[in-house]
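# need a structure here:
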Amino acid sequence: MVLTAQEFDVVIIGGGPAGYAAALRGGLAGLNIAVVEKDKVGGTCLHRGCIPAKEFLETATVYRTVIGAEEFGIIADPPVIEFAQSQARKQKVVDQLWTGLQGLMKKRKVTTFNGVGSLGAGHKVTVDDGTELVGKHVILASGSIPRTIPGFEVDGRLVLTSDEVLDLERLPASAVVIGGGAIGCEFASMLSDLGCKVTVLEALPKILPGCDKDVADVVARSFKKRGIEVRTGVAVTGHAPSDDGSSTTVSFGEGESVTVEAVVVSVGRRPCSANLGLDGTAVEVDGRGFVVVDEYMRTAEPGVFAAGDLVDTPALAHVGFAEAVVVIDQILGDKVIPVDYTKVPWCIYCHPEVAFAGLSEEAAREAGFDVVTKKDPFGGNGRALIVGEPEGMVKVIAEKLPDGKAGRILGVHMVGPWVTEQLGQGYLAVNWEATPTEVGQYIQPHPTLSETFGETVLALTGRGLHVG
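Below you'll find the model as predicted:
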């Protein structure tokens, strides 16, 4: 008996942020949508990335707070870390969000198929169990997996990626983190706060490449003060496990080495495009495995789109959300505004936190802008002193006008306490191309951490209250 392929308005391969966001938005608009997901809806972000990682970083924050409670006049017994309990709490948070997401997709009448989907001619998607689906439109959103490096085969015991770190039941006493980008710095910060001796090895000249140098320098100083050894401009060459398998010696640089209980490989992620099929379609995949799209997320195959980590755009869950909106709004015939990737918000949850939107000072100058900048440290902020987190600053970069005054705001960069929750007004200022004079008219509540942004902007007008 020949089974007829099931027909949908939209078939989505991948149920991560880009995939499920497209499904939810399209379902709300009444589209008949199918999602093919090989694991669980929510993808890397919910199950192996953003959410579990931030739960462990919050565990580190709580531990750091208890350790420092005596400064506030609260005497507590020395805290003990039961990491297995934190692991259980992490899973509880993940499961709660996953259950809610499943319920929401069901409410939007999204049909979910479990398996690996591949695309063929005629918009036909075949699930690896033999199920065939046909969509008037198809969205490719199969996500990404951690990159590895030669000589460091992942065994889940001595050599770990972010996936394995987030499943640990016991913390190592010492670790090397290979890669000083956002994810590497988050893991280094978390492990160090929870008592692990950490060494960060970064091949580039500085950690947090892409961040404004002044911001990255604050993190580097904090890491050094906390005993995290950061080596930049060095390449790893291999590792040699001990005879009993309890440790390994990592070789790097010019004949240097360090012996640790665990190696965390954090050198980025690669797109999951190998199993997409694509035979009989015009969809293009570049040499690094990314599906090629235009600014409207359209592939070369009419009616087929791609979004999220599968395309060569910032690998951020919220970017996947935004790209999903671009795709679904096209399908619905609504007005579409492409994502401006130079102005998306970035948040890094190490301690101290980092958040920014727009151009760094270096990038602005490289783009040909004459700029004026101002920095305001959190050390002068009343709320920062109250909560005991005076480390960090806000930096605003603005276009320099012919008269020397500050024009439109090009970038807002923050490092310090809870800056990931403070970026909103800076993000809006950058995306609305506001000037310091315009933003400076808004009243900042006192005492708040967010006052520091307001003070920095006022300083750019030449009339700062507390900043020169």
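
# domain ranges for the chain?
The chain breaks down by automatic domain parsing into domains covering 6-146+270-341, 159-267, 352-460.

# just tell me which of those domains ends up closest to residue 152.
Nearest to residue 152 among these is domain 159-267 (5.2 Å), distances taken as C-beta to C-beta. Just so you know, the C-beta spots here come from the backbone N, C-alpha and C atoms, and that holds for glycine as well.

# a markdown table for the domains of the chain, including mean neighbour count, distance to residue 152 and mean pLDDT?
Below are the domains of the chain laid out as a markdown table (neighbours: other C-beta atoms under 10 Å; distance: least, C-beta to C-beta, whole Å; pLDDT from 0 to 100):
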| stretch | mean neighbour count | distance to residue 152 | mean pLDDT |
| --- | --- | --- | --- |
| domain 6-146+270-341 | 19 | 11 | 96 |
| domain 159-267 | 19 | 5 | 96 |
| domain 352-460 | 20 | 26 | 96 |
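
# save these as CSV, and put in distance to residue 153 too.
Formatted as CSV, the domains of the chain follow (distance: least, C-beta to C-beta, whole Å):
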stretch, distance to residue 153
domain 6-146+270-341, 13
domain 159-267, 6
domain 352-460, 31
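
# can you give me the helices for the stretch 251-400 of the chain?
317-332, 361-366, 382-387 (DSSP state H, counting those that start in this stretch).

# for the first one, packing partners?
To tie it back to what came earlier, the one meant is helix 317-332. In this structure, helix 317-332 makes packing contacts with strand 6-13, helix 17-28, strand 132-140, judged by 3 or more C-beta pairs under 8 Å, 6 or more residues apart in numbering; DSSP states H and E.

# what does the second one give?
Packing partners of helix 361-366 (3+ C-beta pairs under 8 Å, 6+ apart): helix 213-225, strand 371-377, strand 393-400, strand 406-416.

# of all these, which one is nearest residue 192?
Of all these, it is helix 213-225 that lies closest to residue 192, at 7.7 Å by C-beta to C-beta.

# which element follows that closest one toward the C-terminus?
Helices and strands here follow DSSP states H and E; after helix 213-225, the next one along the chain is strand 229-232.

# in its sheet, which strands sit next to that next one, and in what direction?
The strands beside strand 229-232 in its sheet (DSSP bridges) come out as strand 197-202 (parallel).

# tabulate the CA atom coordinates of the partner strand in PDB.
These are the backbone C-alpha positions of strand 197-202, laid out as PDB (Å, rounded to 0.1, in the frame of the first residue of the first chain):
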ATOM      1  CA  LYS A 197      41.300  25.500  39.500                       C
ATOM      2  CA  VAL A 198      40.900  26.900  35.900                       C
ATOM      3  CA  THR A 199      43.200  27.700  33.100                       C
ATOM      4  CA  VAL A 200      41.900  29.300  29.900                       C
ATOM      5  CA  LEU A 201      43.800  28.800  26.700                       C
ATOM      6  CA  GLU A 202      42.900  31.200  23.800                       C
END
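
# so what touches it?
Around strand 197-202, the neighbours that count as contacts under C-beta atoms under 8 Å, 6 or more residues apart in numbering are 173-181, 184-185, 188, 191-192, 207, 223, 227-234, 236, 250, 252, 258, 260.

# now residue 397: closest residue in space, sequence neighbours ignored.
Excluding the flanking residues, the one nearest residue 397 by C-beta to C-beta, 6 or more residues apart in numbering is residue 411, at 4.1 Å.

# and for residue 462?
In space, and not counting its chain neighbours, residue 462 is closest to residue 405: 7.5 Å by C-beta to C-beta, 6+ apart.

# same deal with residue 43?
Leaving aside its sequence neighbours, residue 43 sits nearest to residue 16 (C-beta to C-beta, 6+ apart; 2.2 Å).

# dump the residue contacts of that neighbour.
Residues in contact with residue 16 (C-beta under 8 Å, 6+ apart) are 42-46, 141, 143, 308-309, 317, 320.

# beyond the lengthiest helix in the chain, next helix or strand please.
Looking across the chain with DSSP state H, the single longest helix is helix 83-107. Next helix or strand after helix 83-107 toward the C-terminus (DSSP H and E): strand 111-114.

# that following strand pairs with which strands, parallel or anti?
Next to strand 111-114 in the sheet, as set by DSSP bridges, lie strand 33-37 (parallel).

# thought residue 262 was touching residue 177?
No. Using C-beta atoms under 8 Å, residue 262 is not in contact with residue 177; the gap is 9.4 Å.

# check the gap between residue 409 and residue 194 for me.
Distance of residue 409 to residue 194, given as C-beta to C-beta, to the nearest Å: 38 Å.

# same thing with residue 427?
Computed as C-beta to C-beta, the residue 427 to residue 194 distance reads 31 Å.

# from residue 65, how far out is the residue lying closest to residue 83 once chain neighbours are set aside?
Sequence neighbours aside, residue 171 is the residue nearest to residue 83 in space, at 5.2 Å (criterion: C-beta to C-beta, 6+ apart). Residue 171 sits 18 Å away from residue 65, taking C-beta to C-beta as the criterion.

# surely the residue nearest to residue 397 meets residue 374?
No. At 11.7 Å, residue 411 does not count as touching residue 374 under the criterion of C-beta under 8 Å.

# which neighbours do the two have in common?
By C-beta under 8 Å, 6+ apart, the residues touching both residue 411 and residue 374 are residue 396.

# quick one: contacts for the closest residue to residue 267 other than its chain neighbours?
Excluding the flanking residues, the one nearest residue 267 by C-beta to C-beta, 6+ apart is residue 179, at 4.4 Å. For residue 179, the contact set (C-beta under 8 Å, 6+ apart) comprises 200-202, 265-268.

# turn these into a markdown table, including distance to residue 434.
As requested, the contacts of residue 179 are exported to a markdown table (distance: C-beta to C-beta, whole Å):
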| residue | distance to residue 434 |
| --- | --- |
| 200 | 36 |
| 201 | 40 |
| 202 | 35 |
| 265 | 41 |
| 266 | 36 |
| 267 | 37 |
| 268 | 33 |
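
# nearest to residue 348, of those?
Checking those one by one against residue 348 (C-beta to C-beta), the nearest turns out to be residue 266, at 12.5 Å.

# got phi/psi on the closest one?
Main-chain torsions, residue 266, degrees, to the nearest 10: phi -130, psi 70.

# that one is in contact with residue 176, isn't it?
No. Between residue 266 and residue 176 there is no contact under C-beta under 8 Å: 10.2 Å.

# okay, and the beta partners of residue 271?
residue 144.

# wait, doesn't it sit right on residue 291?
Yes. With contact defined as C-beta under 8 Å, residue 271 reaches residue 291; the gap is 7.2 Å.

# spit out the residues that contact those two alike.
What both residue 271 and residue 291 touch, as defined by C-beta under 8 Å, 6+ apart, is the set 310-311.

# ranges for the strands of the stretch 201-350 of the chain?
229-232, 236-241, 248-252, 256-260, 262-265, 269-271, 304-306, 345-348 (DSSP state E, counting those that start in this stretch).
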